Structure formats: C-alpha cells, structure tokens
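In: coordinates for the following, if possible.
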Amino acid sequence: MSQENVELIRRAFDAYTAGDIEAVLALCAEDIVITQAPEVPVGEPQQHGHEGVLEAFALWPEQWDDFRIEIQRVVADPDDYVVVSTLQSGRGKQSGVEVVGEFIFVYAFRDGLISEWRIFVDEDQALASLE
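Out: Just a heads-up that it's a prediction; the model follows:
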C-alpha cells in the first residue's frame, strides 16, 4: 500500500501544480483534516473537509507573487504515512522580498484517499509525529 500512497500524493502534487484543484479534491476524503504548522500563524490552525482543502490552498499563494512548490523528497512510512519534504518560494506581495522555505507534509490515508495532511517546518518534528 505504501507505493500506492506515494503515487497518490504525486498525482495530487501534479494536479495542484497544473491548477486542477478538482482533481486534488477527488484524491481527498470528504472529511480530510489539515493541520497547519504552529510556527506559521496564518489562518486557523486546522481546516476540515474539501472546503478546508480550498482554504489551506489559499493561505499561502494569496500572500505571494510567483509562488512555487517543489518536491524535494518523498518517503513512505511503514505505517502507510507518506512524508513529503518541499521547498516553497515566492516574492511577498507587500514587500517584494523573495522568500524560500522548507515545509514537510505528513499524509495519512483511508480507503485509497488522503484523510489527513499535517504541515511542519521542521523535519524532526514531522518524523516524531509518526511515533
């Protein structure tokens, strides 16, 4: 199941990058829970359901020009979690300053869909959350 989950996440990233948000939502459980990194106080700490996915997607790109996200590494955990290290970048709409940061996503799955998406700014915290 781990490889299938990795492929599901890659399809979700590809769809997001292509701007096909409907395809991303089709890969998410109706009751998905998104937990934001506490170090980055944007919006609510959690979003729920497909509406929450849309809200989470809007949190970052609306603050940046030239927003980009690149997968750096994908690791499947034996308990069927998938951990994705990303590099995100953009230029602040207000400041014009180029910002680059690493974010780590931990995904859980149920019935072949993404059921949980947790966001971290520290890889050790992300990996500790799996224990």
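In: longest single helix anywhere in this protein?
Out: For the chain, the helix with the greatest residue count under DSSP state H is helix 2-17.
In: which residues of the chain fall in strands?
Out: Here the chain has its strands, by DSSP state E, at 28-35, 46-48, 64-76, 82-92, 98-110, 113-120.
In: just say which of those is most tucked in.
Out: strand 113-120 (a mean of 20; mean count of other Cβ atoms under 10 Å). Where C-beta positions appear, they are placed from N, C-alpha and C, glycine not excepted.
In: adding distance to Asn5 and mean pLDDT, write the strands of the chain out as TSV.
Out: Shown next, in TSV, are the strands of the chain (distance: least, Cβ to Cβ, whole Å; pLDDT from 0 to 100):
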stretch	distance to Asn5	mean pLDDT
strand 28-35	13	97
strand 46-48	21	95
strand 64-76	6	89
strand 82-92	5	92
strand 98-110	5	93
strand 113-120	9	96
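In: OK, contacts around Leu130?
Out: 77, 79, 81, 83, 106 (Cβ atoms under 8 Å, 6 or more residues apart in numbering).
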